[in-house]
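S.K.: Sequence first, predicted coordinates after that:
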2 protein chains.
Amino acid sequence: MGNADYVYPSTNEYRQCAHPVAVPPPQPFFKSFKNSLKETFFPDDPLRQFKNKTPSRKFFLGLQYFLPILEWGPRYTFQFLKSDLISGITIASLAIPQGISYAKLANLPPILGLYSSFIPPLIYAMMGSSRDLAVGTVAVASLLIGSMLGDEVNATENPALYLHLAFTATFFAGLLQASLGLLRLGFIVDFLSHATIVGFMGGAATVVILQQLKGILGLQHFTQSTDIISVLRSVFSQIHEWRWESGVLGAVFLFFLLLSRYFSKKRPKFFWISAMAPLTTVILGSLLVYLTHAEKHGVDVIGNLKKGLNPPSFGDFVFTSPYLTTAVKTGMITGIIALAEGIAVGRSFAMFKHYSIDGNKEMVAIGTMNIVGSCFSCYLTTGPFSRSAVNFNAGCKTAMSNVVMAIAVMFTLLFLTPLFHYTPLVVLSAIIISAMLGLIDYEAAIHLWKVDKFDFVVCMGAYIGVVFASVEVGLVIAVAISVLRLLLFVARPKTFVLGNLPNSTIYRSVEQYPTTNDVPGILILQIDAPIYFANSSYLRERISRWIDEEEDKLKSTGETSLQYVIFNMSAVGNIDTSGISMLEEVKKITDRRGLKLVLANPGAEVMKKLNKSKFIETIGKEWIYLTVGEAVEACNYKLHTCKPDATNEDSQPWNNV
Amino acid sequence: MGNADYVYPSTNEYRQCAHPVAVPPPQPFFKSFKNSLKETFFPDDPLRQFKNKTPSRKFFLGLQYFLPILEWGPRYTFQFLKSDLISGITIASLAIPQGISYAKLANLPPILGLYSSFIPPLIYAMMGSSRDLAVGTVAVASLLIGSMLGDEVNATENPALYLHLAFTATFFAGLLQASLGLLRLGFIVDFLSHATIVGFMGGAATVVILQQLKGILGLQHFTQSTDIISVLRSVFSQIHEWRWESGVLGAVFLFFLLLSRYFSKKRPKFFWISAMAPLTTVILGSLLVYLTHAEKHGVDVIGNLKKGLNPPSFGDFVFTSPYLTTAVKTGMITGIIALAEGIAVGRSFAMFKHYSIDGNKEMVAIGTMNIVGSCFSCYLTTGPFSRSAVNFNAGCKTAMSNVVMAIAVMFTLLFLTPLFHYTPLVVLSAIIISAMLGLIDYEAAIHLWKVDKFDFVVCMGAYIGVVFASVEVGLVIAVAISVLRLLLFVARPKTFVLGNLPNSTIYRSVEQYPTTNDVPGILILQIDAPIYFANSSYLRERISRWIDEEEDKLKSTGETSLQYVIFNMSAVGNIDTSGISMLEEVKKITDRRGLKLVLANPGAEVMKKLNKSKFIETIGKEWIYLTVGEAVEACNYKLHTCKPDATNEDSQPWNNV
């Protein structure tokens, strides 16, 4: 659009050589609506690769989109297989004890932990776009399932209903995850900020460790609550019930696990030591119990595990009234949290290996594996950080390592379950504690404190909420504080005075660049956020105060009185009708004080709306400049040739603001 | 802070003459914390006038702050009194019939409408800072009280309890309003945007008009619901019950009221015709009924009104269990809505007369008048638009007109209540309908559609929610959409490519300024929002796509390949740790593609955090420029003298993003 059709109502010699500010060419409503929908839901432009392709090619590309195995499968080599075999077996050795431990955490039969490491990894191998994610159950989601379902149904009194509720919740979690992906609503996960996740994970790990005191101390009765106060009260009120055999065994194994982890961390080449350690402790522990018959002296063991593959469970879903709500609620919350962990983990390792994963595609994959899993006696799975890290370190090349793990677990289910009969629960507790300690990332919290205090508050909000109240409360606190921050950014935007950098036409914040000079008679303000209903009242007050303060300052030093107020609109990304009303009010205020209001560099959206609402005519086209420099030059030109014209009748000073 | 201590690690001849970007001087944590608290809660700096004053003067100023009458009282003149007398009597003539009508709307005894126009205006006259606000009950809040309390207690079956609940709700409303003001949380009201209020008022007016069908048609039974479907079903299911006498009377009076309003609108000098019209219709209607004994032929009348001033009611508050929740909830919602109306009305008229009112002070005043009112048989009052507009038009000078109105109402209560015995209810309905029609501001809705589609959606959301569901639902919908918009602004920030304005060093959006030229080998992107957790994933995707598209474009035209990516950070008001991680990832992506990442004009907050998180060292201080122009010049200098240095080992092109 040329701007030749601009007519300048006042003859302003300087203005002629300044750059005009363009109102962007008008766009049909539906085109701009379509554009903004696309930016909101398809920022990655997934249809880009389908352009200019034949229909059959398009179909194949579409299939590849949902089943990435079709993409990497044909390129799969024997070299890859060798790497994937090693890493698959390594993660299986971790998956079996962890699976059993986490199932206990959810108050579910231990065998479910094995079932859940069989079907879902197979689905993910076909549909997932991450090469490093190792699928399995996770501690936090297991704990949440345990506490949320436990509020409704007692797992020991009514185990069948509890189990069926767990499948139903998993089904809904999967449904939610897949729908989020299909509806391209993946950005909901973005609202769990990095700080939230650090605090949340740390808090959840603390809670999970506290829960293990039951196993380590061999307690029979334990509180249903997860908050630190209830748990510690429960532990210390039954000091006489503590079993020293169990405690000693737990301490020894925990020490061994931590030592192996420390060693592997120091020498990354020996990552397999820490990866194999859990299975080793399980074998050692089981042997010890078997040989000493410690199960008769206060050391609880897993007991019988049923042989055989996953039985179908789609007939067990509970869709009846009082339980459906609980199942849906549990599914929603655990589903979102599991999704966030899976995607964050996938993304982290993709960064390391320089490939990228598609969040929405991942959601569909994780969702599908949970839907299918819930039909075959699996509970909620995702990509746990610990297992994926081991997978990555073991040198996995593709999702095939998940298939290897699934096959190893299948063998275990078919032939090896009796071996776990004598596995002591205390070993499982030690395994969980050792895994959880790695999740309490106090260094990240310190980093947050250093870089961004607000993020630190979010992180501590999540941590304290989880530890002292419950997992859900912690999550709600953290998300609420994070969202409050976004709202506060808009509701209380920064405004600051600009000054002239010496020997230039550049104008910058006086606070950031203390070498800048004031421009006599001109107040230059920058508004650092969109002007919306949430901040228009504030901005009106704040701008009035800036003007007051500037006039007071000028009065006290006896300098030239204020004549112009320039708003630098560079950072004002958008404006709504409340914002335009605010500008109109400010215009009236400045008029009444005999000041001239000047705008510098309003953006496309702002110009469009100022134009439609006729504010451009109110302020006068000739008072809108492309840069602050040009605005100042024009004002200076006027200031030294004539007084600014008083446009309204009563230009007496107005003392009531 | 001088920037002389900057050391530029790479010898870059151009860089020497460019302006360095300053990291703002470090501030002690508590100082910056105190500053941001002050900006959040005291943007108007209310303590400014107390500076450098003697203690006794400070005390008097403080008293004046809470009782503005001490400020304008001593300056009060006989001229003012004359104007205030006229306007006070005018609004009293409106207040009496309106008060009775709105009390009926809330299912409260009609006399409460008169009580509520006696005590609260006296309090407001002392404490309020608006000169034009006329205090009284409002239709929307009355309707809300009726529907919310009606859900808990039936007004006809248990009138005493219902009445006491209304006082309790008013008490809590006042408490909330005053606390918001004292705690400086007035900005909560800002979240009711202009668009929300337009839609909400229109919807509430529609609902109130629908409710009047009961009175106009003389129906005995009527639905408790307020949604349009229930009401119309209720009306049309009892066609045989319609009373034509009542209907004709209502239509005639409504026509008369609308005619007077139309006339006054055309000739503002005759504003008093429309102001007096309600009282005239009441007198005419009462006379008519008295003479024809129409009360025996299907025209319902008000009946007996108790003579005498407000009886005390502070002993009637209900603080017992099942009702307390309802009272608190009703008080909160109606309190917020009444507050928003009162403040918006006060602000509008202050704009007209060129003075300003203090939102927090107004809240304390409105809250106090409701607390005191609830102790003396008044229900929720605020500054209704209709009455305040009449007050303004009648030429009121100060809040004294409220005192005049209160005295007039006092006389009515003491001596004139028997005159209202024969007033037909249908006249009250006609008065309400005529007042409500003015609140359906379809022109404002059209304006919203023209200027800002999103605001229009908010407005229609509020309207449809109120009309088809309930007042609360409409409010929640509108606020939710408004807040969603703020979040969406941050979650999906605009990013756009900048080009060079011909013959200048100015770089602006290619879309807004189609005359700009591309800079060969350099992609300049502007990010138009703070970089927060909510948008960091999106921005990473979007930036990758911009780079992809630019490279595709360059490939297809065979131009110079891309070498530099410049981010214009002028509009990035803040950044959090997630945002910094995103920048680090983008830096890795660009490195891998053999591109150089350059930042232009990061603000104070951003520089502070980039510095603390060591990102400045990652990117290199010499790649941060003060303006886009300087950044481009430096890149061009490098581009034409040497290739950009590949800083990482594997600089092979990377095709997986």
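M.R.: Perfect, thanks for sending it.

S.K.: what's the lengthiest helix in chain A packed up against?
M.R.: Identified as the longest helix of chain A according to DSSP state H is helix A:321-353. Counting contacts by 3 or more CB pairs under 8 Å, 6 or more residues apart in numbering or on different chains; DSSP states H and E, helix A:321-353 packs against helix A:139-152, helix A:159-182, helix A:187-190, helix A:194-217, helix A:359-375, helix A:385-393, helix A:471-491. No exception for glycine: its C-beta is placed from N, CA and C like everyone else's.

S.K.: buried sites along that helix?
M.R.: A:323, A:326-331, A:333-347, A:349-351 (16 or more other CB atoms under 10 Å in any protein chain shown).

S.K.: Which among the helices and strands packed on helix A:321-353 is found nearest to A:R267?
M.R.: Evaluated over the helices and strands packed on helix A:321-353, closeness to A:R267 peaks at helix A:385-393, with 11.7 Å, by CB to CB.

S.K.: Show the model's pLDDT score for A:Q16.
M.R.: pLDDT for A:Q16: 49.

S.K.: that older thread, quick one, which of the helices and strands packed on helix A:321-353 is nearest to B:S578?
M.R.: Smallest distance to B:S578 across those (CB to CB): 4.4 Å, for helix A:194-217.

S.K.: Look through the stretch 251-400 of chain A and state the residue closest to chain B.
M.R.: A:Y355 (4.4 Å; CB to the nearest CB).

S.K.: That residue - how many residues pack around it?
M.R.: The number of residues packed near A:Y355 is 16, by other CB atoms under 10 Å in any protein chain shown.

S.K.: Pop out the phi and psi values for it.
M.R.: The phi and psi torsions at A:Y355 (degrees, to the nearest 10) take the values phi -130, psi 170.

S.K.: Can you check the pLDDT for the residue of the stretch 401-550 of chain A found nearest chain B?
M.R.: In the stretch 401-550 of chain A, the residue that lies nearest chain B is A:F533 (3.1 Å; CB to the nearest CB). Here the pLDDT value assigned to A:F533 is 88.

S.K.: A:D5 too?
M.R.: Value for A:D5, per-residue pLDDT: 41.

S.K.: Show the contacting residues for A:L309.
M.R.: A:115, A:118, A:410, A:413-414 (CB atoms under 8 Å, 6 or more residues apart in numbering or on different chains).

S.K.: Among those, which are located in helices?
M.R.: Those of those mapping onto helices are A:115, A:410, per DSSP H.

S.K.: Highest neighbour count among the contacts of A:L309?
M.R.: That'd be A:Y115 among the contacts of A:L309, by other CB under 10 Å, with 26 neighbours.

S.K.: Could you find the closest non-adjacent residue to A:V328?
M.R.: A:F172 (5.2 Å; CB to CB, 6 or more residues apart in numbering or on different chains).

S.K.: The one you found - how many residues pack around it?
M.R.: Using other CB under 10 Å, A:F172 has 23 neighbouring residues.

S.K.: Verify the contact between it and A:I336 for me.
M.R.: No - counting by CB atoms under 8 Å, A:I336 is not a contact partner of A:F172; they are 11.4 Å apart.

S.K.: roughly how far apart are the residue in the stretch 51-200 of chain A that chain B sits nearest to and A:A340?
M.R.: Of all residues in the stretch 51-200 of chain A, A:S193 sits closest to chain B, at 3.1 Å by CB to the nearest CB. Plainly put, A:S193 is 10 Å away from A:A340 if you go by CB to CB, to the nearest Å.

S.K.: And the helix or strand bottoming out on mean pLDDT in chain A, what does it pack against?
M.R.: Ranking every helix and strand in chain A by mean pLDDT, DSSP states H and E puts helix A:187-190 at the bottom, with a mean of 75. Helix A:187-190 makes packing contacts with helix A:321-353, helix B:533-557 when contacts are defined by 3+ CB pairs under 8 Å, 6+ apart.

S.K.: With respect to A:V403, which of those lies nearest?
M.R.: helix A:321-353 (17.3 Å).

S.K.: Only alpha carbons, please: show stretch A:606-614 as CSV.
M.R.: What follows is stretch A:606-614 as a C-alpha-only set of coordinates in CSV (Å, rounded to 0.1, in the frame of the first residue of the first chain):
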residue,chain,number,x,y,z
VAL,A,606,-2.7,-0.7,16.9
MET,A,607,-2.8,1.5,13.8
LYS,A,608,-5.6,-0.6,12.4
LYS,A,609,-7.7,-0.1,15.5
LEU,A,610,-6.9,3.5,16.0
ASN,A,611,-7.9,4.1,12.5
LYS,A,612,-11.2,2.2,12.8
SER,A,613,-12.1,4.0,16.0
LYS,A,614,-11.3,7.4,14.5
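
S.K.: Give me the residues contacting stretch A:269-288.
M.R.: With contact meaning CB under 8 Å, 6+ apart, stretch A:269-288 is reached by A:90-91, A:93-94, A:96-98, A:249, A:253, A:256-257, A:260-261, A:263-265, A:294, A:390, A:393-394, A:419-424, A:426-428, A:430-431, A:434.

S.K.: re the thing from before, any idea of the angle the longest helix of chain A forms with helix A:385-393?
M.R.: Interaxial angle, helix A:321-353 versus helix A:385-393 (axes from the mean of the first three to the mean of the last three CA atoms, to 10 degrees): 30 degrees.

S.K.: Model confidence at A:E633, what's the number?
M.R.: With respect to pLDDT, A:E633 has a value of 90.

S.K.: I'd like the distance between it and A:I522.
M.R.: A:E633 is 10 Å from A:I522, by CB to CB.
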